[in-house]
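In: based on what follows, work out the 3D shape:
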Amino acid sequence: MSTSETAQEHKAKGNAALVAKNFSEAIEHYTNAINIDGSNHVFYSNRSAAHLSKNDATNALEDANACIGLNPNFPKGYSRKGAALHHLKRFNDSLSAYEAGLKMFPEDQGLANGKAAAQKAKEGLGGSSTGGMPNGMAGLFGPDMMAKVALDPKTRGYMSDPDFMQKLNTLQRDPNQLTTMLGDPRIMEVFQVILGAQGMQMKTGDEFKKDQEEKQTGQGMQESAGAAAAAPVPEKKTYSSEPEPMEVEEEVSPEEKKIKDDRIASVAAKIKGNALYQSKKFEEALAAYDEAIALDPTNMTFINNKAAVFFTSKQYDECIEACLQAVEVGQANRAPFEDRAKALTRAAKAHQKKGDLGAAIEMCQKSLLEHHERATERLMKTMELEKRKADTFAYLDDDKAEEAKQDGNNHFRNKEFGKAVNCYEEAVKRAPKNATIRNNLAAALCKIMDFNGAKREIEVAIDLDGKYVKAWARKGDIEVVMKENHKALESYKMGLTLDPTHASCKEGLRKVTASINYGQANMSEEERKERAAHAMADPEIQSILQDPIINQVLRDFNDNPTAANDAMRDTTVRAKIEKLIAGGIIQTG
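Out: All right, here's what the predicted structure looks like:
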């Protein structure tokens with residue numbers, strides 16, 4: 001049998017003895033293992049736990065220091081040291097030991113729990129409010145209660161239950177609450193463990209019930225009295241600690257041990273890299289992350305941290321490459337979806353910085369498939385809006401707009417109105433603020449009977465250039481076709497105001513005026529009603545009819561014609577009345 005195997009055998013025997021609470025025997029076996037292989041830090045860690053279980057905190061502290069000296073990257077070493085110092089009531093030193101461990105292993109729950117217990121003991125909590133409970137019983141729930149529960153193999157598993165831990169904390173604050181919790185069998189087991197550690201015994205619920213029955217029948221009195229007399233008085237309370245459960249390990253191969261050690265070292269390298277990154281020492285941070293990746297190439301977090309350094313230092317191509325590599329590693333090793341989504345979102349931001357919004361949006365979409373995050377969704381929508389604006393701006397080209405317009409003109413002359421519309425629409429995309437192109441588009445839309453579209457385009461043309469007389473004439477022509485004579489009348493007049501000699505406006509005004517007069521004279525009653533109903537749908541007509549001055553003028557036409565004629569001398573009133581006549585709302589003749 002090899003020397004290494006013999007040391008492991010002693011360790012295994014020590015573990016068994018410690019579980020059986022044969023602490024002296026456990027210490028002897030761990031010592032034999034250390035004598036054979038003094039370089040194994042686990043042997044010192046386990047012997048420290050055995051010493052502490054025997055209330056020998058001085059030797060426990062010595063072994064804990066030896067464990068840390070052999071392997072500073074072993075979190076149990078700091079737990080052992082903190083527990084021993086806690087037992088010695090050196091609470092500040094205990095907290096320092098736990099904090100040193102947490103600095104290297106911030107997610108280690110054992111270190112966090114130990115620190116919390118030491119802090120509570122330092123602040124004097126745990127059993128100060130005893131109410132009516134005797135002081136000897138109240139002492140059972142002191143700071144060392146958690147350590148006893150954690151060391152016992154029957155009860156240590158309960159500490160992962162938040163409800164159970166809340167009950168224990170309640171007992172530390174107010175031991176009188178024990179009577180309300182005895183219905184929980186786990187609390188009974190804890191109480192038995194505490195009493196056992198104090199050299200006392202406690203009957204189970206069934207034993208207690210049987211004892212009560214014997215008392216009632218007069219039997220077992222002597223036995224009960226003897227048991228009570230034999231129960232020793234609790235010794236003076238000593239502070240133990242809250243160490244993690246003993247490190248009991250199965251045999252592992254050298255390869256498995258190396259993997260485990262490398263992972264511990266990789267976390268230390270990452271922490272070093274984080275500190276350098278915060279100090280803006282980017283090159284040193286990258287080197288630290290590369291070290292972490294070399295030690296544990298299965299952890300995508302280290303690669304993602306490199307991507308963060310690249311992003312901050314504006315190396316966007318390198319950032320994107322690192323993000324995609326991190327996602328690939330994460331998928332291969334089943335990393336959390338949130339971590340993979342985070343890497344893809346960072347890649348999206350890098351693409352955005354480069355101005356490649358299409359790739360950025362694609363990265364956001366992939367990120368949302370991994371894990372839906374509202375911030376990423378908002379980022380994607382913002383990028384989509386930016387891209388639409390950028391695409392529109394990039395498409396602008398006056399020269400190409402002119403080419404498309406000329407093509408449209410050629411198709412229009414050849415009576416290929418559908419093709420003309422397509423060419424004019426392309427020209428509008430290239431030059432959206434060109435009023436002439438929109439006027440041509442309106443003319444082509446009229447030819448394919450799309451009067452609503454034509455009216456929309458001509459109104460945009462007028463908004464772009466309010467002095468464009470051809471657009472006013474076109475607008476009037478469209479309104480005539482749409483049977484909006486009152487609007488056409490106004491459009492032609494507006495064009496003539498700008499250019500009194502404009503032939504199209506003059507001809508349009510003459511025709512629409514004649515149409516109005518002819519309609520009033522020759523329309524059937526049904527046609528008049530249809531014309532009036534069409535005009536009533538116009539919000540402007542509705543507004544005129546709600547004008548109290550116009551209503552009074554309309555009444556005066558019947559009741560006081562002189563007053564009505566006087567009112568018509570006002571140009572505003574006259575324009576509104578003429579609009580009502582043109583719309584067929586007022587019948588004349």
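
In: for the stretch 301-450 of the chain, which residues score under the pLDDT cut-off?
Out: Along the stretch 301-450 of the chain, the model assigns pLDDT under 70 to no residue.

In: tell me where it has helices.
Out: 316-332, 337-354, 357-370, 374-395, 398-413, 417-430, 435-447 (DSSP state H, counting those that start in this stretch).

In: now tabulate these in CSV and tack on distance to residue 482 and mean neighbour count.
Out: Using the backbone N, CA and C atoms, a C-beta is placed for each residue, glycine as well. Formatted as CSV, the helices of the stretch 301-450 of the chain follow (distance: least, CB to CB, whole Å; neighbours: other CB atoms under 10 Å):
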stretch, distance to residue 482, mean neighbour count
helix 316-332, 55, 20
helix 337-354, 47, 21
helix 357-370, 42, 20
helix 374-395, 31, 13
helix 398-413, 21, 16
helix 417-430, 19, 20
helix 435-447, 10, 23
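
In: these: which one's closest to residue 110?
Out: Closest approach to residue 110 among those is made by helix 337-354 (24.4 Å; CB to CB).

In: just the CA trace of that closest one, in PDB.
Out: The C-alpha trace of helix 337-354 is given here as PDB (Å, rounded to 0.1, in the frame of the first residue of the first chain):
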ATOM      1  CA  PHE A 337     -29.700  31.700 -20.200                       C
ATOM      2  CA  GLU A 338     -29.400  35.100 -18.500                       C
ATOM      3  CA  ASP A 339     -25.600  35.000 -18.900                       C
ATOM      4  CA  ARG A 340     -25.700  34.100 -22.600                       C
ATOM      5  CA  ALA A 341     -28.300  36.900 -23.200                       C
ATOM      6  CA  LYS A 342     -26.100  39.400 -21.400                       C
ATOM      7  CA  ALA A 343     -23.200  38.600 -23.700                       C
ATOM      8  CA  LEU A 344     -25.400  38.900 -26.800                       C
ATOM      9  CA  THR A 345     -26.700  42.300 -25.600                       C
ATOM     10  CA  ARG A 346     -23.200  43.500 -25.100                       C
ATOM     11  CA  ALA A 347     -22.400  42.400 -28.700                       C
ATOM     12  CA  ALA A 348     -25.400  44.400 -29.900                       C
ATOM     13  CA  LYS A 349     -24.200  47.600 -28.100                       C
ATOM     14  CA  ALA A 350     -20.700  47.100 -29.700                       C
ATOM     15  CA  HIS A 351     -22.400  46.800 -33.200                       C
ATOM     16  CA  GLN A 352     -24.400  50.000 -32.400                       C
ATOM     17  CA  LYS A 353     -21.200  51.800 -31.500                       C
ATOM     18  CA  LYS A 354     -19.700  50.800 -34.900                       C
END
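
In: what's that helix in contact with?
Out: Applying CB atoms under 8 Å, 6 or more residues apart in numbering, the external contacts of helix 337-354 come out as 300-301, 303-304, 307-308, 310-311, 314, 316-317, 319-320, 323-324, 326-327, 330-331, 357, 359-361, 363-364, 366-368, 370-371, 373, 376, 379-380, 383.

In: for it, the distance to its chain's centre please.
Out: Distance of helix 337-354 from its chain centroid, counting by CA atoms, centre = their mean, to the nearest Å, is 13 Å.

In: then stretch 285-294?
Out: Put simply, stretch 285-294 sits 28 Å off its chain's centre (CA atoms, centre = their mean).
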